[in-house]
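> only geometry, no sequence info:
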């Protein structure tokens, strides 16, 4: 069953993850920096105003006492007494207040310095802050100038980050590309990219070490299979010689038993030959392909089950199947499929379907599962199909099991 993954759920490369993260961090940094610039304008303006008021207050505290309000510039006025302040400031400012305070709303506010004169009287220095603080137009101009300077710098910084990220992730991306492009069955070592960091080098070393251990295990398995097959030839030859002597001096009623022994001996020879095929590094060429048709299948059933099989068999030949493999190997493969259906199936009929690209064996399943085996027959079938480029599938449902040997059209 196919599983569809949305674009958002697909795995991203290491470069994409780092690049997106850096891009987000840089954009966030520029946005925060812009707000900090705007805040710095306000803070700088307030600080400068307070220093200016304090300087004016210190200066006029030592001068003669004023009797009337004095405007020292268009936005700054000195009031000698509290009752001379504008009415709105009198309401907002207590006569006992000293120091610098900010009064008014955001659109029209005042900075007021309440300071004591040398004579003991309190005078007030009032500055209309709305006239001197940065307006939205000034802030916009400053922000535009800021962007004019920071955008080219930001683009340069992004380009440098992209180059650095690309160089940092290049070895990992190269290793990922090599691993993704290789044959899943390949045991060749992964090449170490140039200028790889220590972490990538350690990863590649571990991958190659695992591949080498797998190669060693497969070599030991092939060697064991080859040696075991050669060793099995000796007892098989002894059994064959003994069987020939028994047949030469046997009685007629011993004929069926001798025939069963001969069938078992032929199966043993075929299995040994198949093991030798699987233990080799290459496939030995065959002169003639094996043609599987209804007659071939029924002859194999008689060979396995005798003249009176325990199950009913139905063989449907839609088209003969041609397999380019040794006859003994094909014998072992199809025999495993049939014996598996007999051993694990129920009493129902076993159906065999042959066409030009496959052979399929179907059998019903009993209500009570049969005794589980070691699964060597299925493993042998998989190994044979893997060696010759075929496909073996075993599908087990609730009441039906289907074993299918599929041959690619170009190999059929």
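Structure's in. What do you need? Quick caveat, the model's predicted, so the values are computed rather than measured.

> would you mark the buried spots in the one helix or strand residue 404 maps to?
In the assignment (DSSP states H and E), residue 404 maps to strand 400-406. By 16 or more other C-beta atoms under 10 Å, the buried positions in strand 400-406 come out as 401-405. C-beta here means a position set from N, CA and C on the backbone, and glycine is covered the same way.

> ok, residues contacting it?
Residues from elsewhere that reach strand 400-406 (C-beta atoms under 8 Å, 6 or more residues apart in numbering): 333-334, 337, 340-341, 344-345, 357-365, 381, 385, 390-395.

> direction included, what does it pair up with?
Strand 400-406 has these partner strands in its sheet, going by DSSP bridges: strand 358-364 (antiparallel), strand 391-396 (antiparallel).

> quick one: residues in contact with the shortest one.
If I follow you right, that is strand 391-396. Applying C-beta under 8 Å, 6+ apart, the contact partners of strand 391-396 are 365, 378, 381-382, 384-385, 401-408.

> likewise stretch 104-118?
In contact with stretch 104-118 (C-beta under 8 Å, 6+ apart) are residues 49-50, 53-54, 56-58, 60-62, 65, 88-89, 92-93, 97-103, 122-130.

> could you flag which of these are buried?
49-50, 53, 56-57, 60, 89, 93, 100, 103, 122-129.

> apply the buried test to the contacts of strand 400-406 and list what passes.
Neighbour-count burial within the contacts of strand 400-406 applies to 333-334, 337, 340-341, 344-345, 357-365, 381, 385, 390, 392, 394; the criterion is 16+ other C-beta under 10 Å.

> can you give me the strands for the stretch 301-412 of the chain?
Ranges of strands in the stretch 301-412 of the chain, per DSSP state E, counting those that start in this stretch, are 313-317, 321-323, 350-354, 358-364, 391-396, 400-406.

> pLDDT below threshold where in the protein?
1-15, 105-108, 130-140, 142-143, 280-285, 368-376, 410-412 (pLDDT under 70).

> can you list the domains in it?
16-137, 198-279, 290-406 (automatic domain parsing).

> so how far is the first residue of the last one from its last?
By that I understand domain 290-406. Distance across domain 290-406, first residue to last, is 15 Å (C-alpha to C-alpha, to the nearest Å).

> now it: how far from the chain's centre is it?
Chain-centre distance of domain 290-406: 38 Å, with C-alpha atoms, centre = their mean, to the nearest Å.

> now the shortest one
How far domain 198-279 lies from its chain's middle: 41 Å, per C-alpha atoms, centre = their mean.

> and what of stretch 172-187?
With C-alpha atoms, centre = their mean, you get 14 Å for stretch 172-187.

> what does it rub up against?
13-15, 188, 190-191, 193, 200, 203-204, 207, 211, 214-215, 218.

> emit the PyMOL select command for whichever of the residues you listed are buried.
Selection of buried members from these for PyMOL, criterion 16+ other C-beta under 10 Å:
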select buried, resi 15+190+193+200+203+204+207
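
> spatially nearest residue to residue 297, not counting backbone neighbours?
Leaving aside its sequence neighbours, residue 297 sits nearest to residue 315 (C-beta to C-beta, 6 or more residues apart in numbering; 5.0 Å).

> bridging residues for that neighbour?
residue 352.

> count of neighbours near it?
16 (other C-beta atoms under 10 Å).

> surely it meets residue 359?
No: using C-beta atoms under 8 Å as the test, residue 315 is too far from residue 359 to be in contact (10.1 Å).

> on that earlier part again, the contacts of stretch 104-118 in strands, which ones?
99-103, 122-128 (DSSP state E).

> from these, pick the one nearest residue 151.
residue 102 (35.1 Å; C-beta to C-beta).

> next up, the contacts around the closest one.
46, 109-112, 129.

> do the same with residue 274
Per C-beta under 8 Å, 6+ apart, neighbours of residue 274: 326, 328-329, 332, 380, 384.

> please produce JSON lines containing those residues, extended by distance to residue 167.
Below are the contacts of residue 274 laid out as JSON lines (distance: C-beta to C-beta, whole Å):
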{"residue": "326", "distance to residue 167": "55"}
{"residue": "328", "distance to residue 167": "58"}
{"residue": "329", "distance to residue 167": "53"}
{"residue": "332", "distance to residue 167": "56"}
{"residue": "380", "distance to residue 167": "51"}
{"residue": "384", "distance to residue 167": "49"}
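
> which of those residues tops the neighbour count?
The most neighbours of any of those, using other C-beta under 10 Å, belong to residue 329, which has 26 neighbours.

> does that residue touch residue 384 like I think?
Yes: Residue 329 is in contact with residue 384 according to C-beta under 8 Å; the separation is 6.0 Å.

> tell me where the stretch 251-400 of the chain has helices.
255-279, 294-305, 327-344, 376-388 (DSSP state H, counting those that start in this stretch).

> could you identify which of those is most buried?
Most buried of those by mean neighbour count (mean count of other C-beta atoms under 10 Å) is helix 327-344; its value is a mean of 21.

> what's the angle between it and helix 294-305?
Helix 327-344 and helix 294-305 are oriented at 60 degrees to each other (axes from the mean of the first three to the mean of the last three C-alpha atoms, to 10 degrees).

> circling back to that earlier point, any idea how far residue 360 is from the residue nearest to residue 297?
11 Å (C-beta to C-beta, to the nearest Å).

> hey, what's in contact with both of the two?
Common neighbours of residue 315 and residue 360, counting by C-beta under 8 Å, 6+ apart, are 352, 354.

> can I get the strands of the stretch 301-412 of the chain in a markdown table with distance to residue 19?
Shown next, in a markdown table, are the strands of the stretch 301-412 of the chain (distance: least, C-beta to C-beta, whole Å):
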| stretch | distance to residue 19 |
| --- | --- |
| strand 313-317 | 60 |
| strand 321-323 | 53 |
| strand 350-354 | 55 |
| strand 358-364 | 49 |
| strand 391-396 | 42 |
| strand 400-406 | 44 |
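
> those strands: which one's closest to residue 170?
Here strand 391-396 is closest among the strands of the stretch 301-412 of the chain (C-beta to C-beta), at 38.3 Å.

> for residue 25, grab the count of nearby residues.
11.

> in this structure, which helix is the longest?
Using DSSP state H, we find that the single longest helix of the chain is helix 198-249.
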